[in-house]
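A.B. asks: Predicted model, plus sequence, below.
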Amino acid sequence: MPAVHLVDASFFIFRAYYSIPDHMVDPSGQPVNAVYGFARFISDLLERERPTHVAVAFDESLASSFRNRLYPPYKANREPAPPELKEQFARCRELCNCFGLATFSSAEYEADDIIGTISVRMREVGFASTIITRDKDLAQLVQVNDEFWDYMADERIAYADIAERFGVRPERMADYLALAGDPVDNIPGVPGVGKKTAAALLTRFESLDQMYEDLSLVSGMSIRGARGLGAKLAKHRDAAYLARELTRIACDMPLLISESRLRCQPVMLENLNYFYDQAGFGPMLRHQAERISKAPTVY
């Protein structure tokens, strides 16, 4: 089965920004550390994997998605990206265009939703998904034939292995995060329900809905505090369902995509070399781009 490679750009850009010294600047003195790290990642991915179809998803804002309207504190614990990083995000998207890769972003939806929507749409036309990220939230998208690729650890996780790696099966990940909370995104979850308890509940029940259909069964489970857990879950039912709206990836966003749009286009070497000139990058990335452009691609 052919695969579409879905790249969570924000993870790799932030990682490069905070791991490469910010004294790496272009000829005009603007920081390019994140651009350089992202360029190395994209170049390595294309040369190593030779994908036929790629979508690179970018986040536009931490405070403008539909989730912020549902729950204003959503991601409010995160500091806004500094101006010098915002500029580098734009340049990373330009880099992808030079490589002939389709890029996507939205003020209303997050990169996770873009990846989820593309995964569903491409599955309808016979494509599996390779989701390239380290964000556990995206594990909920993995189905049979898909894989979750932690690129930095070079760990590819298949559908059957998601539960062992993250605690629950993909279909239950949004419910799991809703119960246990997700401090990274400032989602509180149900007070007193940690990861182990959430995993145990979603091993006993298929979903949040099934659990709330008969909370009386919770008191008989062999987990710590089971006797009072049902009452606690009942008290915080509304909070749990709100949290699930936040943790569940929207796979039905309005997005114009097609197999042909996601097909990798030839590398625009002239544009890419100009881009590297403007960034002040040396010959290593240029030579790699030349190799990528000459490598045969099988569609």
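C.D. replies: Structure's in. What do you need? Numbering: from 1, shown residues only.

A.B. asks: tell me what the host helix or strand of residue 272 is packed against?
C.D. replies: Element membership for residue 272 (DSSP states H and E) is helix 269-279. Counting contacts by 3 or more Cβ pairs under 8 Å, 6 or more residues apart in numbering; DSSP states H and E, the secondary-structure elements packed against helix 269-279 are helix 83-98, helix 283-294. Any C-beta I mention is one placed from the backbone N, CA and C, and that applies to glycine too.

A.B. asks: to the chain's geometric centre, what's the distance from the helix or strand of the chain with the lowest mean pLDDT?
C.D. replies: Of the helices and strands making up the chain, the lowest-confidence element is helix 226-235, at a mean of 87, by mean pLDDT, DSSP states H and E. For helix 226-235, the separation from the chain centroid amounts to 33 Å (computed by Cα atoms, centre = their mean, to the nearest Å).

A.B. asks: Show me which residues of it are buried.
C.D. replies: Buried positions in helix 226-235, judged by neighbour count with 16 or more other Cβ atoms under 10 Å: 226, 229, 230, 233.

A.B. asks: Disregarding residues adjacent in the polypeptide, which is nearest to the first one?
C.D. replies: Ranked by Cβ to Cβ, 6 or more residues apart in numbering and with sequence neighbours excluded, the top spatial neighbour of residue 226 is residue 219, at 5.5 Å.

A.B. asks: That neighbour and residue 232 touch, don't they?
C.D. replies: No - with the criterion set as Cβ atoms under 8 Å, residue 219 and residue 232 do not qualify as a contacting pair; they are 11.0 Å apart.

A.B. asks: picking that back up, deepest of the helices and strands packed on helix 269-279, which one?
C.D. replies: Per residue and on average, the most neighbours among the helices and strands packed on helix 269-279 fall to helix 83-98, with a mean of 18 (mean count of other Cβ atoms under 10 Å).

A.B. asks: what does it contact?
C.D. replies: Residues from elsewhere that reach helix 83-98 (Cβ atoms under 8 Å, 6 or more residues apart in numbering): 9, 13-14, 17, 22, 30-35, 38-39, 42, 56, 58, 81, 102-103, 105, 267-268, 271-272, 275, 279.

A.B. asks: Which one, of the helices and strands packed on helix 269-279, ends up nearest to residue 262?
C.D. replies: For the helices and strands packed on helix 269-279, proximity to residue 262 was assessed by Cβ to Cβ; helix 83-98 is nearest, at 12.3 Å.

A.B. asks: between the closest one and helix 283-294, how many degrees?
C.D. replies: Here helix 83-98 runs at 30 degrees with respect to helix 283-294, directions being taken by axes from the mean of the first three to the mean of the last three Cα atoms, to 10 degrees.

A.B. asks: quick one: helix 83-98 to chain centroid distance?
C.D. replies: Relative to the chain's own centre, helix 83-98 is displaced by 18 Å; criterion: Cα atoms, centre = their mean.

A.B. asks: what mean pLDDT does the helix or strand following that helix have?
C.D. replies: In the C-terminal direction, the helix or strand that comes right after helix 83-98 (DSSP H and E) is strand 102-104. The average pLDDT for strand 102-104 rounds to 98.

A.B. asks: on contacts alone, who are the packing partners of strand 102-104?
C.D. replies: Right, strand 102-104 is packed against strand 53-57, helix 83-98, helix 111-123 by 3+ Cβ pairs under 8 Å, 6+ apart.

A.B. asks: for residue 82, phi and psi?
C.D. replies: The phi and psi torsions at residue 82 (degrees, to the nearest 10) take the values phi -60, psi 150.

A.B. asks: quick one on the thing from earlier: and the buried residues of helix 226-235 as CSV, adding distance to residue 249?
C.D. replies: CSV is the format used below for these (distance: Cβ to Cβ, whole Å):
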residue, distance to residue 249
226, 30
229, 27
230, 29
233, 23
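
A.B. asks: And the residues you listed, which is closest to residue 64?
C.D. replies: For residue 64, the closest of the buried residues of helix 226-235 turns out to be residue 233, at 32.1 Å, with distances computed as Cβ to Cβ.

A.B. asks: The closest one reaches residue 211, doesn't it?
C.D. replies: Yes - using Cβ under 8 Å, residue 233 is in contact with residue 211, at 7.3 Å.

A.B. asks: which residues are common contacts for the two?
C.D. replies: Shared contacts of residue 233 and residue 211, counting by Cβ under 8 Å, 6+ apart, come down to residue 218.
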